[in-house]
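Asker: Curious how this folds, go ahead:
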Amino acid sequence: MPERGRFDLNHSGFGEGLAQNLALLHEFGTRDTSRIRGDGLLGVLDNGIVNAEELFIESPEHRGTVFDPFAQASTTPPCRCKVDLVTSEGYSRAMPSPTDAEIFTRWADTEAPLLPILHAFHDRDGFLREEAIHAISEALRTPIADLYGTVTFYHHFSQHAPGQSAPRVCTGPICKLKGADALLDSMRAEGATPMACSGRCDDPVPVLKGRQTLVACDGQMMPWHSPVPAPNPGGLEECVFASIRQPDRATYDGYRRTGGYLGLEKALATDPAAVRQTVSDSGLAGRGGAGFPTGRKWDAVAEDPREPKTIVCNADEGEPGCFKDRTLMDLDPHAVIEGMAIAAHATGATRGFIYLRYEYPETEQILERALEEARASDLLGSQTGFDLWVRRGGGAYICGEETSLLNSLEGKHPFPRNRPPFPVTHGYEDLPTVVNNVETLASVPPILSNGADWYRHLGTGKHAGTKVISLSGDVRRPGNYEVPLGLPLSELLHEWAGGVPDERVIQAVTMAGLSGGFLAREGLDVTLDEPSIRAQGSFLGAGGIMVLDDSRDMVAVAHSAMEFFAHESCGKCFPCRIGTARLTERLDSGGPSSVESWREEVDDIGSTMKATSACGLGMAAPLITESLARWFPDQVETHVNSTNS
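Answerer: The predicted structure is shown next:
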């Protein structure tokens, strides 16, 4: 095979329109090894715009199969192809896009087929045509009304042109503070639309175009990749970040070279009950926000006699200000796979899923390559009795709630389920299911390798272990930091992250992304653990912290946050559906004319939501207005008076 594959687009029969509208070939590999070159470029290839008759692709290692959507040209009918990188030398060949029948043959008989089928049509056509939805309905024997309701629930499944090729600009809380609205306006002519926080608050402002994430760099839109976490300044021992900075850690060989899969080897040589006991003794609890003891969850699944059992990795990291799971999956995917394999051994599970948020398309390719490597090394698949698959969502914040996620996997409308029963007994397909967060699962291999006591002593005082904090906003060094539980918040903000730039001071921080509301003044004197933060009326949750300096309008920030919750409310229960809308209005220009009446009404709405909402979204959203009124009464008074003057 040649070192460099070559094909002429016109000679492949795709027409001049394809050459004019070729989108950037998606995700050729790791962030620093893949190169793409073109002859006769009139656009910038890295921007996703190519005007060339010939395209050369170089890839130093096998990259798998890539599906590429192409926009419709004015001079020709819609054109599509896929490029298959089939050798380590980077040989490439053009192939026709899959037919409906080929898509159904590939996916219809697999586990959790609806999401991959929707993505296959969406990628092929650029949007979901009405004929495609009818074909899917018939193939899966799903009522057309149910399927329409499910498809339209997700934010990113387009149903008309330009569809997937139109830019989507992140307008999450941090990106709004960093110029997202201006960027969106500048791209309106390209069909740009806003999207909620896309999990890249450490490097704003991201733009999702097709299956690629771009960021502005020197006036051009360039491909984006997860930054490597900076070492902590105190040299403190880490758990999930201990080896993440090592070269090639994302590959199987690099992972093995740095101690990977030793935990699984140890687990497989140990009785499953003993593995569960080690996890329990370590004190590891859920790192996605709920904080439920991991060992207890595994015990409940293991003790249920019904089969098959399932391990689900919740990688739908949709909480604004949270981006730790993306970093772990991008830079250390085998750690997540190893954690899931250990969980499967400990509970008797035979199947698993990584439920990945839509906004992480590059991460999907990284995970798929890692899974292929694990299967090739006989760590997954029929020889081990456990296999797992990636299922990419369609874009919905509520799918981070575990029962909504399970409904989404099953192809149902992703409403939260009533609980009890809980997923440990009635999860995927109403069978025993472990649902763990990415960070939780990545913590398991080092615990098995080093022991429960080692992990417990990584924390401070009585707090066991570590927590990855996603820090963003008005701070000199945003990023992910693995901290010992119990570390003072002030130490993280000032000593680790460098404090606030431009001689400003910290006005407030958010906790748990947005869900924990705001902390300010003496509320900043907390340690990073649940008891300390809950004593201030908030919670640590998934560990997203957004810093807001004294130049920020806190009522405007609160309005943006509540608007997000109102937009993402699934609509199942009216306290959340109506309550978030009414609170958004109160933070805009509606509501009582007196401050006292305004507070009474807002408190009444919030208490009703917390008491009667069906899931955590409706219970957490009122913390925005509660904490705003507590810490910033003067700004609330100014807001109420100004809207009624």
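Asker: center of this structure, which residue is that?
Answerer: Glu317 (3.2 Å; CA atoms, centre = their mean).
Asker: buried set for stretch 214-223?
Answerer: Across stretch 214-223, burial judged by 16 or more other CB atoms under 10 Å covers 214-216, 221, 223. C-beta here means a position set from N, CA and C on the backbone, and glycine is covered the same way.
Asker: what packs against the strand ranked longest in the chain?
Answerer: Counting residues, the longest strand in the chain under DSSP state E turns out to be strand 466-473. Judged by 3 or more CB pairs under 8 Å, 6 or more residues apart in numbering; DSSP states H and E, strand 466-473 is in contact with helix 173-177, helix 324-331, helix 438-450, strand 479-484, strand 544-549.
Asker: let's go with 7 Å and repeat that
Answerer: Packed against strand 466-473 by the contact rule (3 or more CB pairs under 7 Å, 6 or more residues apart in numbering; DSSP states H and E) you find helix 173-177, strand 479-484, strand 544-549.
Asker: what's the angle from that strand to strand 479-484?
Answerer: With axes from the mean of the first three to the mean of the last three CA atoms, to 10 degrees as the basis, strand 466-473 and strand 479-484 are set at 150 degrees to each other.
Asker: How about residues contacting strand 466-473?
Answerer: Contacting residues not belonging to strand 466-473 are listed as 174, 177, 201-202, 238-240, 287, 321-324, 439, 458-459, 478-485, 492, 497, 528, 543-548 [CB atoms under 7 Å, 6 or more residues apart in numbering].
Asker: next one: stretch 254-273
Answerer: Contacts of stretch 254-273 with the rest of the structure, by CB under 7 Å, 6+ apart, involve 243, 246-249, 275, 302, 334, 338, 341-342, 345-346, 348, 379, 444-446, 448-449.
Asker: again, but for stretch 446-458
Answerer: Contact with stretch 446-458 is made by 237, 239, 242, 259, 262-263, 266-267, 278-279, 281-284, 342, 464-466, 484, as judged by CB under 7 Å, 6+ apart.
Asker: Show the buried residues in those.
Answerer: Listed as buried from the contacts of stretch 446-458 are 239, 242, 262-263, 266-267, 278-279, 281-284, 342, 464-466, 484; burial here means 16+ other CB under 10 Å.
Asker: how about the helices in the stretch 501-645 of the chain?
Answerer: Secondary structure of the stretch 501-645 of the chain (DSSP state H, counting those that start in this stretch): helices located at 530-534, 554-568, 574-586, 595-612, 616-620, 622-631, 633-643.
Asker: hmm, I was thinking of the stretch 101-250 of the chain
Answerer: 114-125, 130-140, 144-153, 173-177, 180-186.
Asker: and of those, who's closest to Phe415?
Answerer: Nearest to Phe415, of all the helices of the stretch 101-250 of the chain, is helix 144-153, at 8.9 Å by CB to CB.
Asker: angle of that closest one against helix 130-140?
Answerer: Using the same axes, to 10 degrees, helix 144-153 lies at 120 degrees relative to helix 130-140.
Asker: The chain should start at 460 in everything you say after this.
Answerer: Okay, residue one is now 460; in that scheme the one you just asked about reads as helix 603-612.
Asker: Tell me which two in the buried residues of stretch 673-682 are the farthest apart.
Answerer: So for the buried residues of stretch 673-682, where distance means CB to CB, the most widely separated pair is Ala675 and Pro682, at 11.9 Å.
Asker: As JSON lines, the helices of the stretch 560-709 of the chain with mean neighbour count would be great.
Answerer: Formatted as JSON lines, the helices of the stretch 560-709 of the chain follow (neighbours: other CB atoms under 10 Å):
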{"stretch": "helix 573-584", "mean neighbour count": "22"}
{"stretch": "helix 589-599", "mean neighbour count": "16"}
{"stretch": "helix 603-612", "mean neighbour count": "15"}
{"stretch": "helix 632-636", "mean neighbour count": "24"}
{"stretch": "helix 639-645", "mean neighbour count": "16"}
